[in-house]
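Asks: coords below, sequence missing:
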């Protein structure tokens, strides 16, 4: 095929396949641009809606995985970052002139303000500085320090004036001090009269009240009591002391026949070891005080005569009148020793000699035993007593415990407690103050002791004071009726205290239990005021004593000899 023919055929094919050229329409480029602009606006609107949506969970995880170095690189790549270097271009209105002479060498001066090296101005302690022991003279004078390193005379008041402030004080312009040179206060005596705050509230009834032991004791009025070695001896003073009008022992020592035969017909009750029922002793006398010592029974009558019995009251021997002028006599006993408190004088007779009343030993005009008293039969095996010298004067009350006599004595400085073991030993004294002093000075005061005087109780003036340290400190209990008798329920330091209290105008008494570390409670009541009685008789004298062999407390009062014991828990 010739070349011209082939070319014409290819031209004809192209004509058949290519569309014919279209004529131009009125649509120009402006219309096309408008369409494209509308499409872009619609696309941007959809993009804005997508930005409002919260990111997906996996996107957050991917963002969290971005490292700290990537974040720093992002900040470095930012065109308008927050680098402080760009702050040099800000117009602050202040021209900073860099000192070219100071070059710390840490960073170029043109990059910022040169503050110098950090170690400048800090000297090594070994090279010496003003803070070191060997200060170097750098040519600078410290105005606030003198040559010796002390405060300068003119330091603006920062280190004081250097003068004694007392030089500017006028002592005559000051008020007078409360105490003189000896430390004595003008109102020192008034301090003891200030009321004390009670340590305990008035007692309430115990959850387990004590009960009366059936068949124990006797329904015979008693006022004094002694318990020792399983024996219990109680006695009464016969007629009421307030109704008696008998005279004191007659001059010359002659005693009344009533005293030789027992005085006012009182009663002495004895309970043998292991028994509970009381028997009447062979001695019918008005006993005001009783003591048991080394198997012997000693009785002081209401008029001050002493009786001695070594057979527990079946027979008795008179020991003469120890009371002078009607002074009361109180007895106490410790192993091997008898203590007699006549009035306010304390005696401790020694065993062995012929009986000589203390008054006869001191003066020829003192009472002497009568021929009948001297000829009185002495019981077989009875001990005789010699008074010896008086141990103490001014003794108000006494109580025996574990071979020790705790005596409440009166001194010019005030009452005090003393612990006595015999006439050949010194006795430590504990002065009393506050509530304990007022209780000790009261006329209705009572005293009890245990554990050799380490635990002491005082009552009087409506107060009950208990000490567990030998009288150094006291626990004060107020709100109680009048205390008529005191006793500790045991021989140890922490033994509870028992107090028999009675209200004025009532023919009854209550037993108060005071533990060492608990609040006091009422545990028993004895007697009752008869209905319709306008003026009941007073309860009179009473005594209580703890019996460790029977675990009971014996009460000797107008109602008789009564035994009380704790109620057993079921």
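Replies: Yep, it's here. All values reported here derive from a predicted model rather than from experimental measurement. Numbering: from 1, shown residues only.
Asks: drop to CA atoms for contacts and neighbour counts, all remaining ones
Replies: Noted.
Asks: what is the neighbour count of the nearest residue to residue 446 once chain neighbours are set aside?
Replies: Nearest residue to residue 446, sequence neighbours excluded (C-alpha to C-alpha, 6 or more residues apart in numbering): residue 459, at 5.1 Å. By other C-alpha atoms under 10 Å, the residues close to residue 459 number 29.
Asks: who's in contact with residue 459?
Replies: 439-440, 444-447, 465, 483 (C-alpha atoms under 8 Å, 6 or more residues apart in numbering).
Asks: describe which strands the helix or strand hosting it pairs with in its sheet and in which direction.
Replies: Using DSSP states H and E, residue 459 sits within strand 455-460. Strand 455-460 has its sheet partners listed here by DSSP bridges as strand 446-450 (antiparallel), strand 463-467 (antiparallel).
Asks: before we move on, the earlier item: hmm, which two among the contacts of residue 459 are most spread apart?
Replies: 444 and 465 (13.9 Å; C-alpha to C-alpha).
Asks: more neighbours: these two, which one.
Replies: Between residue 444 and residue 465, counting by other C-alpha under 10 Å, residue 465 is the more crowded of the two (24 against 14).
Asks: for the more buried one, which non-adjacent residue is closest in space?
Replies: residue 476 (4.6 Å).
Asks: shaky segments in the stretch 451-570 of the chain?
Replies: Low-confidence segments of the stretch 451-570 of the chain (pLDDT under 70): 528-538, 570.
Asks: hmm, the residue nearest to residue 465 is touching residue 437, no?
Replies: No. Using C-alpha atoms under 8 Å, residue 476 makes no contact with residue 437, being 11.5 Å away.
Asks: the contacts of residue 459, buried ones only, as a ChimeraX selection?
Replies: The buried residues among the contacts of residue 459 can be selected in ChimeraX (16 or more other C-alpha atoms under 10 Å) with this line:
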select :439,440,445,446,447,465,483
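Asks: reformat the contacts of residue 459 as TSV; add distance to residue 455.
Replies: Compiled in TSV, these are given as follows (distance: C-alpha to C-alpha, whole Å):
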residue	distance to residue 455
439	16
440	16
444	21
445	17
446	14
447	11
465	11
483	18
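Asks: going by distance to residue 215, which of the contacts of residue 459 wins?
Replies: So of the contacts of residue 459, ranked by how close each gets to residue 215 (C-alpha to C-alpha), first place is residue 483, at 26.9 Å.
Asks: ok, for the closest one, nearest residue in space, not its chain neighbours?
Replies: With C-alpha to C-alpha, 6+ apart, the residue lying closest to residue 483 is residue 501, at 4.4 Å.
Asks: so which helix or strand takes in that neighbour?
Replies: Per DSSP H and E: strand 497-502 holds residue 501.
Asks: that strand vs strand 455-460, what angle?
Replies: Counting by axes from the mean of the first three to the mean of the last three C-alpha atoms, to 10 degrees, strand 497-502 lies at 10 degrees to strand 455-460.
Asks: residue 396 against residue 411, yeah?
Replies: No. The pair residue 396 and residue 411 does not pass the contact test of C-alpha under 8 Å, sitting 10.6 Å apart.
Asks: these two: which is more packed in?
Replies: residue 396 (21 against 12).
Asks: next SSE downstream of the helix or strand containing that one?
Replies: Assigned by DSSP H and E, residue 396 belongs to strand 395-401. Using DSSP H and E, the helix or strand that directly follows strand 395-401 along the chain is strand 404-411.
Asks: which phi and psi does the residue nearest to residue 465 have?
Replies: phi -100, psi 130 (degrees, to the nearest 10).
Asks: okay, and the beta partners of residue 392?
Replies: Beta-bridge partners of residue 392, as defined by DSSP bridges: residue 346.
Asks: show me what contacts it?
Replies: 345-347.
Asks: any chance you could map the helices in the chain?
Replies: In the chain, the helices defined using DSSP state H lie at 3-17, 29-51, 57-64, 68-77, 188-191, 257-260, 358-362, 371-374, 434-441.
Asks: mean pLDDT for these: which is lowest?
Replies: Sorting these by mean pLDDT places helix 371-374 lowest, at a mean of 36.
Asks: what number of residues lie near residue 34?
Replies: 11.
Asks: how much space between it and residue 40?
Replies: 10 Å (C-alpha to C-alpha, to the nearest Å).
Asks: and for residue 503?
Replies: 112 Å.
Asks: the more surrounded of these two?
Replies: residue 503 (16 against 12).
Asks: report the buried residues of stretch 403-414.
Replies: Under 16+ other C-alpha under 10 Å, the buried positions of stretch 403-414 are 403-410.
Asks: pLDDT (mean, whole number) over that stretch?
Replies: On average, stretch 403-414 scores 94.
Asks: over to stretch 298-311?
Replies: Mean predicted lDDT for stretch 298-311 stands at 88.
Asks: measure it end to end?
Replies: With C-alpha to C-alpha as the measure, stretch 298-311 spans 11 Å from end to end.
Asks: again with stretch 427-441
Replies: 21 Å.
Asks: kindly report the same for stretch 389-397.
Replies: 19 Å.
Asks: quick revisit: and the residue nearest to residue 465, how many residues sit next to it?
Replies: With other C-alpha under 10 Å as criterion, residue 476 counts 21.
Asks: then residue 515?
Replies: 16.
Asks: isn't it up against residue 495?
Replies: Yes. In this structure, residue 515 is within contact of residue 495 by C-alpha under 8 Å, at 7.2 Å.
Asks: so residue 269 makes contact with residue 277?
Replies: No. Residue 269 lies out of contact with residue 277 (C-alpha under 8 Å); the separation is 9.7 Å.
Asks: neighbour-wise, which of those two wins?
Replies: A count of neighbours by other C-alpha under 10 Å puts residue 269 above the other of residue 269 and residue 277, at 25 against 15.
Asks: okay, and the beta partners of the more buried one?
Replies: Applying DSSP bridges, one finds that residue 269 bridges with residue 234, residue 280.
Asks: what sits against it?
Replies: Shown in contact with residue 269 (C-alpha under 8 Å, 6+ apart): 233-235, 278-281.
Asks: which of those residues sits closest to residue 216?
Replies: Distances from residue 216 to those, taken by C-alpha to C-alpha, are shortest for residue 278, at 7.3 Å.
Asks: nearest residue to the closest one other than its sequence neighbours?
Replies: residue 271 (4.6 Å).
Asks: pretty sure that neighbour sits against residue 277.
Replies: Yes. Taking contacts as C-alpha under 8 Å, residue 271 lies within contact range of residue 277: 6.3 Å.
Asks: residues shared between the contacts of these two?
Replies: residue 217.
Asks: tell me the most packed of the contacts of residue 392, by neighbour count.
Replies: Counting by other C-alpha under 10 Å, top hit in the contacts of residue 392: residue 346 with 24 neighbours.
Asks: so how far is residue 407 from that residue?
Replies: In terms of C-alpha to C-alpha, residue 346 sits 9 Å off from residue 407.
Asks: who touches both of those two?
Replies: residue 395.
Asks: low-confidence ranges, the stretch 51-200 of the chain, go.
Replies: 51-162, 171-200.
Asks: rewinding a little: next, the angle from the strand holding residue 459 to helix 434-441.
Replies: Using the same axes, to 10 degrees: strand 455-460 against helix 434-441 is 70 degrees.
Asks: what's the angle between strand 455-460 and strand 404-411?
Replies: Strand 455-460 runs at 40 degrees relative to strand 404-411, counting by the same axes, to 10 degrees.
Asks: now strand 455-460: buried residues?
Replies: Within strand 455-460, the residues that count as buried by 16+ other C-alpha under 10 Å are 455-460.
Asks: so what's residue 407 closest to, chain neighbours aside?
Replies: Residue 407's closest residue in space is residue 398 (C-alpha to C-alpha, 6+ apart), at 4.4 Å.
Asks: next one: residue 210
Replies: That would be residue 566: by C-alpha to C-alpha, 6+ apart, it lies 4.6 Å from residue 210.
Asks: give the contact list for the one you found.
Replies: 208-211, 552.
Asks: save those as JSON lines, and put in distance to residue 546 and neighbour count too.
Replies: JSON lines is the format used below for the contacts of residue 566 (distance: C-alpha to C-alpha, whole Å; neighbours: other C-alpha atoms under 10 Å):
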{"residue": "208", "distance to residue 546": "19", "neighbour count": "14"}
{"residue": "209", "distance to residue 546": "17", "neighbour count": "17"}
{"residue": "210", "distance to residue 546": "14", "neighbour count": "19"}
{"residue": "211", "distance to residue 546": "15", "neighbour count": "16"}
{"residue": "552", "distance to residue 546": "6", "neighbour count": "20"}
